[in-house]
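>>> Need the 3D shape of this:
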Amino acid sequence: MIGVCLPLAALRRLASKVLCGEPVADGYELHCSIVAESKHRNAMAEAVQRELDCRFMLALRRAATIKCTEALALWWQEQGASNDLPGALWSTLTHARCTPALEHQVLGHPGRHIPGQPQAVREQATGAAADAHRRSDQPTTRGENTER
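Numbering: from 1, shown residues only. Modelled structure (predicted):
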């Protein structure tokens, strides 16, 4: 989730602010450290949440009008083809009507989480995986990590 929704420059900026100094870790180490820190409520996790909420405010507002899980799932599918995949991802997963089943559906596609890969390439890979999934009507198994 963090690798899809926040570019490395934003992660560095957040880490500098929270740690009161420039992080010395390379991009991958920084990403892994922030993911690990975000599993617990602390200053880093709260900074990441504020950044994501601010960055995707418009998508969050659009999603806030959705009142049931089925409508949220439909909205997610429609947004998957849009240019704001990270905003749709954050808005869907943080929505009050997101169930564990919908979360699995959203995170269950290969290509959703590929740290360090440019956003356009990630979105292209995600679109191709989603198309293949729809054609086969069975989950694809390409081995990529799909954790948040």
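
>>> I'd assumed residue 88 was in contact with residue 76.
Yes: applying CB atoms under 8 Å as the test, residue 76 and residue 88 come out as touching, 6.2 Å apart. (Glycine included, C-beta is placed from N, CA and C.)

>>> Any stretches of this structure with poor pLDDT?
109-148 (pLDDT under 70).

>>> same thing but at 50, please
Residues of the chain meeting the criterion pLDDT under 50: 110-122, 124-126, 128-148.

>>> who's in contact with residue 86?
By CB atoms under 8 Å, 6 or more residues apart in numbering, residue 86 lies in contact with 4-5, 55-56, 119.

>>> I'd like the distance between it and residue 99.
Per CB to CB, to the nearest Å, residue 86 is found 21 Å from residue 99.

>>> What's the PyMOL line that selects buried ones from the contacts of residue 86?
In PyMOL syntax, the buried subset of those is picked out as below (16 or more other CB atoms under 10 Å):
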select buried, resi 4+5+55+56
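
>>> what helix or strand is residue 30 on?
helix 27-37 (DSSP states H and E).

>>> in that helix, what counts as buried?
So helix 27-37, judged by 16+ other CB under 10 Å, has buried residues 30-31, 33-35, 37.

>>> Stretch 67-82 too?
Quick answer for stretch 67-82 (16+ other CB under 10 Å): 72-73, 75-76, 79-80.
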